[in-house]
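J.: What follows is a protein structure lacking sequence information:
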C-alpha cells in the first residue's frame, strides 16, 4: 500500500479525528455510549456505511451531475443504512433493540455525508474506501473510550461483566456508589470535552494560537 | 507580627525567581498575601473603587456564614435527639471532616492549577469550600463531597480560566453534581439525619422527610412556622435556620459585600410567585412558608449574590434576582421530581445572567443614542 493511501486510513484516527477534531457525529456519540457493547456495534456500523458510501460515490463521481449529487448520496447512504440495520436485526437482535432508532439515524450522521462531500467526490475509489474506514474507526475509537468510562463509572461493569464488586456498594454495606450522572448524555459531553482536552495537550499543532 | 514578617521575608528569596523553590512561587505568594496586606499595586487599567481587596471581601463572606454554620452544628445534634452543648459538638464533629475534605480537595486543585498557569492564587475557594459542606445533607459520605468538589472546581471553574471567570457558582454546581450523580444517597427520608450513634444519638427514633418534602406531598408540615424560621427542622447543615442566614445577610449588606439588589429581588420574586400559586389555589399552607423552608433563604443570600456569576449591571441584578426567586418556586410547585428548586434556578440564571447583562447594556446604548438624536 502506498504511503499516501495509508495516510487516508491513519489521519482520521488521531490528527483529523471526525469526533474530537472535526466535531462531527457528537449527537450519536452521546446517545449510544451508556454501555460498551452497543457503542462498538454502532461504531462498526458507521464504519461500514462510511466506507461503502465513500466507495460507491467515488465510483459514481464522474457520472453524477453536481446539481443532483446530494439526492444521489442520500439514496446510496440510505440503502446502506437499511442493509446494516437488517444485518444487525438478523445477527445481534438484542443490541439492535438497544440501539433502537440510532441505527436508522446513521443516515443523518454528519460524518457519512461529510466524508462523501469532502473526500469521495474528489478522490479515487480505493483512497475513498480507506478514508471511510479510517473515519469510521476514528469515530468508533472515541465511542469506545466514552463508553468505557460511562459503563465503568455509571454501572460498575464492562461488557456487562461486573468490575466493581457488589460488596463495595452502599446497599451491601460498603462505601461505593455508581455515578448516576454517567448514565445521562450531559456527562458524555463532558467526557468528550475531556478527551478533546487531553488530545490537544498532546497534539500541539491542533491548539489555536 | 514582626517575627512573622521577618520569617516571610527570610523565606522569600527561596521562592522568588532564581531561588531553589521558584516553581512554588504562586503558592508562597498565596500564603504571604494571606498573612499580610500585599504591597503591590496594579500597574494600569485599574480604578480605585474601594479600599477593600479580594481577600478581605472573601473573609467577610466566611464571617457571614458563621452564624448559619454554628446553628447548623447545633441543629444536627437536635435532630438526633441530643440537647445543649452535646448537640452542638455532635454537629461540629460531623461537619468538620466535610469542611476539611472540601478545602483539601478544592484548594489542592486550585493551587495546582494556579501553579501550572503561573497565576496568583485567589481566595474565591475559601467561600466555596465552606458553602459546599453547608448545602450537603448531613450523612453525605466524604468521598462524595470530595468528588463533587473536584468536579465543581475543575469543570465549573478551572476550565473557564479560574477564579473570576466561572459561569456557574462552584458551590451550587457541587451540590447539583452530587444530587444528580448519587440520587439514591441524596434524596429520600433518611439522608437528612446523621447515622452516627456516638454521644448517645438516637438514630432509630427519627425518620421523616424535610419540611419541603412534607409540604410538597401532604400540603402541611409538622413543624410550626416559628420552628422553620429559627431552623429546628431537618435539612442540609446551613440551610435550615432563616434567622441565622438573615444575620449573615445583615453582615454582608452592612459591609457592602453582597448586592442588596440581587438579594431583595430574589426574595421579592420568590414571594410574588408563591403568592401567585397560593392565589391560584395550588396549595393551602401560607405562601410565606416557601421563603423559610428549604434552601431558599440560603441560596438567596449566599449563592445568588455571587459577584462573579450573577448579573453585573444594576438593572440586570434586579431581573436576574427576581427570576431566580420566581423559577425556584416554579420548580418547587410544578415539577414533582424536585422538591427543592433553588439549586436549579440559581444555575439556570447563572447561565442567563450574561445575556441579561447584554440586553441591559444594549438598551442603555440605544436610550442614550436616542437622546443624542433628539437633542440634535
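T.: Looks like it came in fine. Nothing here was measured: the structure is a model prediction, and the numbers come from that model.
J.: give me the element the residue in the stretch 251-376 of chain B that chain A sits nearest to is part of.
T.: Residue nearest to chain A within the stretch 251-376 of chain B: residue B:347 (12.2 Å; C-beta to the nearest C-beta). Glycine gets a C-beta too; all of them are placed from N, C-alpha and C. Using DSSP states H and E, residue B:347 falls within helix B:342-375.
J.: quick one: the residue of the stretch 251-376 of chain B closest to chain A and residue B:266, what's the gap?
T.: Distance of residue B:347 to residue B:266, given as C-beta to C-beta, to the nearest Å: 14 Å.
J.: Neighbour count: these two, which is higher?
T.: residue B:266 (33 against 21; other C-beta atoms under 10 Å in any protein chain shown).
J.: residues contacting the residue of the stretch 251-376 of chain B closest to chain A?
T.: Each residue near residue B:347 by C-beta atoms under 8 Å, 6 or more residues apart in numbering or on different chains is listed here: B:168-169, B:172-173, B:176.
J.: Output these in a markdown table; the columns should cover secondary structure and pLDDT.
T.: Formatted as a markdown table, the contacts of residue B:347 follow (DSSP: H, G, I helix; E, B strand; the rest coil; pLDDT from 0 to 100):
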| residue | secondary structure | pLDDT |
| --- | --- | --- |
| B:168 | coil | 91 |
| B:169 | coil | 90 |
| B:172 | helix | 91 |
| B:173 | helix | 91 |
| B:176 | helix | 89 |
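J.: circling back: which of the residues in the helix holding residue B:347 are buried?
T.: Buried residues in helix B:342-375, counted by 16 or more other C-beta atoms under 10 Å in any protein chain shown: B:342-350, B:352-353, B:356-357, B:360.
J.: Stretch B:115-131 too?
T.: Going by neighbour count (16+ other C-beta under 10 Å), the buried part of stretch B:115-131 is B:115, B:119-131.
J.: Quick check: the closest residue to residue B:241 other than its chain neighbours vs chain A, distance?
T.: Of all residues not flanking residue B:241 in the chain, residue B:231 sits nearest, at 2.5 Å (C-beta to C-beta, 6 or more residues apart in numbering or on different chains). As judged by C-beta to the nearest C-beta, to the nearest Å, residue B:231 and chain A stand 29 Å apart.
J.: Residue B:231 contacts residue B:246, doesn't it?
T.: No - contact criterion C-beta atoms under 8 Å: residue B:231 and residue B:246 do not qualify, at 10.7 Å.
J.: Comparing these two, which shows the higher neighbour count?
T.: Remark: of residue B:231 and residue B:246, residue B:231 carries more neighbours, 23 against 15, as counted by other C-beta under 10 Å.
J.: Now for that one: which residues touch it?
T.: Contacts of residue B:231 (C-beta under 8 Å, 6+ apart): B:71, B:75, B:240-244.
J.: what's the pLDDT at residue B:37?
T.: Per-residue confidence (pLDDT) for residue B:37: 69.
J.: burial measure for residue 101, as a count.
T.: Here I'm looking at chain A. Residue A:101 has 7 neighbours, counted by other C-beta under 10 Å.
J.: Not quite, go with chain B.
T.: Neighbours of residue B:101 under the rule other C-beta under 10 Å: 22.
J.: can you pull the pLDDT of it?
T.: Residue B:101 is given a pLDDT of 92.
J.: Surely it touches residue B:142?
T.: Yes - under the criterion of C-beta under 8 Å, residue B:101 makes contact with residue B:142 at 5.0 Å.
J.: looking at chain A, which helix or strand does the model trust least?
T.: Among the helices and strands of chain A, helix A:3-10 carries the lowest confidence by mean pLDDT, DSSP states H and E, at a mean of 78.
J.: Now that one: buried residues?
T.: Judged by neighbour count using 16+ other C-beta under 10 Å, the buried positions of helix A:3-10 are A:7-9.
J.: Counting by contacts, list what that helix packs against.
T.: Judged by 3 or more C-beta pairs under 8 Å, 6 or more residues apart in numbering or on different chains; DSSP states H and E, helix A:3-10 is in contact with helix A:125-155.
J.: buried stuff in the helix it packs on?
T.: Buried residues in helix A:125-155, defined by neighbour count with 16+ other C-beta under 10 Å: A:125, A:127-143, A:145-155.
J.: is that helix anywhere near chain B?
T.: No - Helix A:125-155 stays clear of chain B (C-beta under 8 Å from any C-beta of the partner chain), getting no nearer than 9.3 Å.
J.: Could you identify the helix or strand that succeeds that helix?
T.: Of the helices and strands lying after helix A:125-155 in sequence (DSSP H and E), the nearest is strand A:157-158.
J.: Now do the phi/psi pair for residue A:161.
T.: Backbone torsions of residue A:161, given as degrees, to the nearest 10, read phi -90, psi 140.
J.: now it, which residues is it bridged with?
T.: In this entry, residue A:161 is beta-bridged to residue A:158, by DSSP bridges.
J.: Distance check, it against chain B.
T.: Taking C-beta to the nearest C-beta, one finds residue A:161 at 23 Å from chain B.
J.: Could you do residue A:61 as well?
T.: Residue A:61 is 43 Å from chain B, by C-beta to the nearest C-beta.
J.: And for that residue, the neighbour number?
T.: Residue A:61: 19 neighbours (other C-beta under 10 Å).
J.: That one touches residue A:121, doesn't it?
T.: Yes - counting by C-beta under 8 Å, residue A:61 touches residue A:121, with 5.0 Å between them.
J.: In contact with the residue most central in space within chain A, which residues?
T.: With distances taken as C-alpha atoms, centre = their mean, residue A:139 lies nearest the centre of chain A, 3.3 Å away. Taking C-beta under 8 Å, 6+ apart, we find residue A:139 in contact with A:18-19, A:25, A:29, A:43, A:46-47, A:50, A:111.
J.: got a winner among these for most neighbours?
T.: In terms of neighbour count, residue A:50 stands highest of the contacts of residue A:139 at 36 neighbours, by other C-beta under 10 Å.
J.: Spit out the contact partners of that one.
T.: Neighbours of residue A:50 in contact, by C-beta under 8 Å, 6+ apart: A:111-112, A:115, A:132-133, A:135-136, A:139.
J.: give me that answer again for 7 Å
T.: Under the criterion of C-beta atoms under 7 Å, 6 or more residues apart in numbering or on different chains, the neighbours of residue A:50 are A:111-112, A:115, A:132, A:135-136.
J.: The helix or strand where residue B:261 lies versus helix B:342-375: what angle between them?
T.: Per DSSP H and E: residue B:261 is located in helix B:260-279. Angle of helix B:260-279 versus helix B:342-375, following axes from the mean of the first three to the mean of the last three C-alpha atoms, to 10 degrees, is 110 degrees.
J.: Please list the outside residues in contact with the helix or strand just after helix B:260-279.
T.: As assigned by DSSP H and E, the chain's next helix or strand after helix B:260-279 is helix B:289-292. The contact list for helix B:289-292 (C-beta under 7 Å, 6+ apart) reads B:215, B:225, B:228-229, B:242, B:267, B:270-271, B:274, B:296-297, B:329, B:332.
J.: cutoff 8 Å now
T.: With contact meaning C-beta under 8 Å, 6+ apart, helix B:289-292 is reached by B:215, B:221, B:225, B:228-229, B:242, B:267, B:270-271, B:274, B:296-297, B:329, B:332.
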